[in-house]
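Asks: This is a predicted model, with the sequence first.
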Amino acid sequence: SRAVFHTMMRACTKLQDIVGVRRIFSRMQDAGHEPDRAAYTCLMSCALQVGECDEVFAWYDELLARDVRIDAGVVSIMLHASCHATDPQAGRKALSILEVPGVDV
């Protein structure tokens, strides 16, 4: 079930196992589950923890493309990513989350 995939992804995130999170995300999709906010939050959080800010931004782009609702957790991850971004454009992109319609912070 989706809950099992979420639990496994959260466990990998706590272990900072980005390869594991990616693999479980892929398996979740292979099992017919559409990615949701919880899955993207795990991917983005783990990528941030291991210093992969470019990956955080890539997952954020996919989240927006799939019209997944943004919550405070996603906002927090993106703001943290903006602090660690080496590219000023990436930092601006992270801060642009505050301009997305429907985001209430």
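Replies: That came through fine.

Asks: Name the surrounding residues that touch whichever strand or helix holds Tyr60.
Replies: In the assignment (DSSP states H and E), Tyr60 maps to helix 53-65. Residues outside helix 53-65 that contact it (C-beta atoms under 8 Å, 6 or more residues apart in numbering) are 18, 35, 37, 40, 43-44, 47-48, 70, 74, 77-78, 81, 84-86, 90, 93-94, 97, 100. All C-beta atoms are positioned from the backbone trio N, CA, C, and that covers glycine.

Asks: now do stretch 27-40
Replies: So stretch 27-40 is contacted by 2, 5-6, 9, 25, 59-60, 62-63, 66, 68-71, 73-74 (C-beta under 8 Å, 6+ apart).

Asks: Next, count neighbours for the closest residue to Glu52 other than its chain neighbours.
Replies: Spatial nearest neighbour of Glu52, chain neighbours left out: Ile18 (6.6 Å); criterion: C-beta to C-beta, 6 or more residues apart in numbering. Ile18 has 19 neighbouring residues, counting by other C-beta atoms under 10 Å.
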